[in-house]
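Peer 1: Please find the sequence and the predicted model below.
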Amino acid sequence: MIEKVEGIVLNEKAYGETSKIINIITKEHGIIGVIAKGARTLKSEFRTTTTKLCYGYFNIVYKESKLSTLMNVDIINPFKNIVKDIEKISYASFILELTEQVIKQTNKNVFDIMISSINKINDGYDPLVILNIVELKYLDYLGVMPILDRCSVCGSTNNIITLSSNKGGYICKNCHTNEKIISEKSIKLIRMFYYVDISKITKLEISDLTKNEINEFLDIYYDMYTGLYLKSKLFLKNLEKV
């Protein structure tokens, strides 16, 4: 029986002389492996629809816990603005890899967050801000969400002056020791990141200072609490230095 699934290609590898196996992050079944027969031949209709970041409806012969077979693909969005820009590709690739890891650790569906974020990057929104929103939301799914509604030490909701990865979130004036003080804008905005619906974002005007403060906090927080090591993150950091 042929099943229609919504998904995006995570990665691909050669299989035999002419075929390939693609891993797809799907809305219906999480990550699945699919064989695309003849996809590496020049005349194959699968040649361009089975590459990384291809987003569409995949009509497959679905086999649970086994390789499914691809029948055809209806493209939803080719992400033309992403695939021609190395920076956008790097951010989108990191979101894919991070989503893969989150799905492996939770049964909750994060597909809509992932697709909404890649759509926004394709539409020209700041990829670092979009990535940070995704990272923050995923921490909740990973069970290590920072405390962003009160002081993580004493529980007070007053006089919040900074964020601390070591202490797990907001820090108030009374509990502050030697933590770096960050801007009030960053303190308010990171909480907004958690609640915002990415698909409904229409405007992003955030200073470099605020972006850097939030990104630095999330980088350290991920290193401390998630145990995730992502190759695409290292590439992204190196790209930022160029």
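Peer 2: Everything's here; your move. Small disclaimer: the values here were computed from a predicted structure and weren't measured.
Peer 1: what is the mean pLDDT for stretch 192-208?
Peer 2: Here stretch 192-208 scores 96 as its mean pLDDT.
Peer 1: residues in contact with it?
Peer 2: The contact list for stretch 192-208, computed with C-beta atoms under 8 Å, 6 or more residues apart in numbering, reads 112-113, 116-117, 119-120, 125-126, 129-130, 132-134, 136-137, 140, 145, 148, 185, 189, 214. (Each C-beta comes from the backbone N, C-alpha and C, glycine too.)
Peer 1: And stretch 223-241, by the same measure?
Peer 2: 86-87, 90-91, 93-94, 96-98, 101, 139, 142, 144, 165-166, 222.
Peer 1: one more time with 6 Å
Peer 2: Identification of contacts with stretch 223-241 by C-beta atoms under 6 Å, 6 or more residues apart in numbering yields Ser90, Ser93, Phe94, Glu97, Gln101, Leu142, Val144, Ser165.
Peer 1: Now it: buried residues?
Peer 2: Tyr225, Thr226, Leu230, Ser232, Lys233, Leu236 (16 or more other C-beta atoms under 10 Å).
Peer 1: Look up how far Ile115 lies from the second one.
Peer 2: Spelled out, it's Thr226. 22 Å (C-beta to C-beta, to the nearest Å).
Peer 1: Then the last one?
Peer 2: When C-beta to C-beta is the yardstick, Leu236 and Ile115 sit 20 Å from each other.
Peer 1: buried residues in stretch 97-110?
Peer 2: Glu97, Leu98, Thr99, Glu100, Gln101, Val102, Ile103, Val110.
Peer 1: can you pull out the strands in the protein?
Peer 2: For the chain, the strands defined by DSSP state E cover 2-15, 19-26, 30-36, 55-61, 68-77, 160-164, 169-172.
Peer 1: could you dump the contacts of stretch 223-241 to CSV with distance to Glu45 and pLDDT?
Peer 2: Converted to CSV, these look like this (distance: C-beta to C-beta, whole Å; pLDDT from 0 to 100):
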residue, distance to Glu45, pLDDT
Ser90, 29, 94
Ser93, 25, 94
Phe94, 29, 94
Glu97, 27, 95
Gln101, 32, 94
Leu142, 38, 95
Val144, 43, 96
Ser165, 48, 95
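Peer 1: Just name the closest of the residues you listed to Cys54, please.
Peer 2: Comparing the contacts of stretch 223-241 against Cys54 with C-beta to C-beta picks out Ser93 as the nearest, at 13.1 Å.
Peer 1: list the contacts for the closest one?
Peer 2: Ser232.
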